[in-house]
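Novice: Below are the sequence and a predicted model for it; my questions follow.
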Amino acid sequence: MSLFSYLIGGDEAGERIDKYLSQKPELPSRSYLQRLIGENHVLVGKSPVKGNYRLKEGDEVTVQVPEPVELSVRPEPMDLDIVYEDEDLLVVNKPKGMVVHPAAGHDSHTLVNGLLYHCRGKLSGINGVLRPGIVHRIDRDTTGLLLVCKNDSAHNAIAAQLKEHTITRRYHAIVHGELACDGTVDAPIGRNPSDRMKMAVNEKNGKRAVTHYHILSPLKKFTYVECRLETGRTHQIRVHMAHIRHPLLGDTVYGPQKPAFPIEGQALHAKVIGFIHPRTGKYLEFESPLPEYFQKLLNKLQL
């Protein structure tokens, strides 16, 4: 176990401990810090504290970072669509229906299983043993580009860019109804209080979420749009477009329960991703062509 210790000065008194620790570059990501706090690995003196603890001058803060647990996820050979790869990271084009990382009911054939085989286990470990290398996610039925980190240094750098909203993420989608003009949805997203399996615009407990949408083409009873993420909440585009009464075609969770066309899941494609490379400092941007199912829908729905 690694230990990190800090003595709190007068100018740091009153700050929340989770916010204070998230600014320490030697510590893991904020999400992982929250997990350490929940598992009583963050102490003031000899006592564990919660994330909302307010620091006091003279506090001795200790963060215990357990050694990585041996990975139990099995590497599997897969035909991955690798768009870019170097010693620090890779960009992969995920197909429809592929789960990103193992979870209950999906312990094999996930993207992580394939990445472990492809990278010979050399992936960042910050997000735990079930999500090595995964710094952000896209849904099982969303296609397109996903950025994966091979080491903790790259992971921390990309996570910082995500936190600062400097990563370019543009998605293409087909939504119900005819949008009149471009717009922005600025509405907090959190758990749906009446259904914990779903997300919702939640003014009371949600986190700020911003989606900018741009009309690419009007369609028959639908609209082809590009959505640019300013933030990256779970199901953000799906929730936001449903919130303005233009749910995604095929999204039976947030839209009509009977899809207008026989497709699996929502018509959503992560088309563009751009970021500052953590080692070179250069801006890189990649674009993925629309998958066949998506293009066929567009052809069918053209005015």
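Specialist: Received, thanks. The structure presented is a predicted model; accordingly, all values stated were derived computationally and were not measured.
Novice: Name all residues that make contact with Ile189.
Specialist: Going by Cβ atoms under 8 Å, 6 or more residues apart in numbering, Ile189 touches 199-202, 206-207, 209, 233-236, 239-240. Placement of C-beta: from N, CA and C, glycine included.
Novice: Quick check: the gap between Leu284 and Glu230.
Specialist: 20 Å (Cβ to Cβ, to the nearest Å).
Novice: Leu284 and His277 touch, don't they?
Specialist: Yes: counting by Cβ atoms under 8 Å, His277 is a contact partner of Leu284 at 5.6 Å.
Novice: I'd like the distance between the residue lying closest to Arg245 once chain neighbours are set aside and Lys221.
Specialist: The shortest distance from Arg245 to any non-neighbouring residue, by Cβ to Cβ, 6 or more residues apart in numbering, is to Gly177 (6.9 Å). Relative to Lys221, Gly177 is positioned 7 Å away (Cβ to Cβ).
Novice: Between the two, which has more neighbouring residues?
Specialist: Legend: neighbour count by other Cβ atoms under 10 Å for Gly177 and Lys221, higher for Gly177 (14 against 11).
Novice: Surely the more buried one and Leu249 touch.
Specialist: No: assessed by Cβ under 8 Å, Gly177 is found out of contact with Leu249, at 10.2 Å.
Novice: who touches both of those two?
Specialist: Here Gly177 and Leu249 have Phe222 as joint contacts, going by Cβ under 8 Å, 6+ apart.
Novice: List the contacts of the closest residue to Gln302 other than its chain neighbours.
Specialist: Spatial nearest neighbour of Gln302, excluding adjacent residues (Cβ to Cβ, 6+ apart): Leu219 at 6.6 Å. Applying Cβ under 8 Å, 6+ apart to Leu219 gives the contacts 174, 298, 301-303.
Novice: where's Leu219 relative to Phe4, distance?
Specialist: Taking Cβ to Cβ, one finds Leu219 at 54 Å from Phe4.
Novice: ok, residues contacting stretch 118-131?
Specialist: Contacts of stretch 118-131 with the rest of the structure, by Cβ under 8 Å, 6+ apart, involve 28-29, 31-32, 35, 68-73, 75, 78, 80, 82, 90, 101-103, 112, 115-116, 132-135, 148-152, 154-156, 159.
Novice: Tell me which stretches of the stretch 101-250 of the chain form helices.
Specialist: According to DSSP state H, counting those that start in this stretch, the stretch 101-250 of the chain carries its helices in the segments 111-118, 152-163, 236-243.
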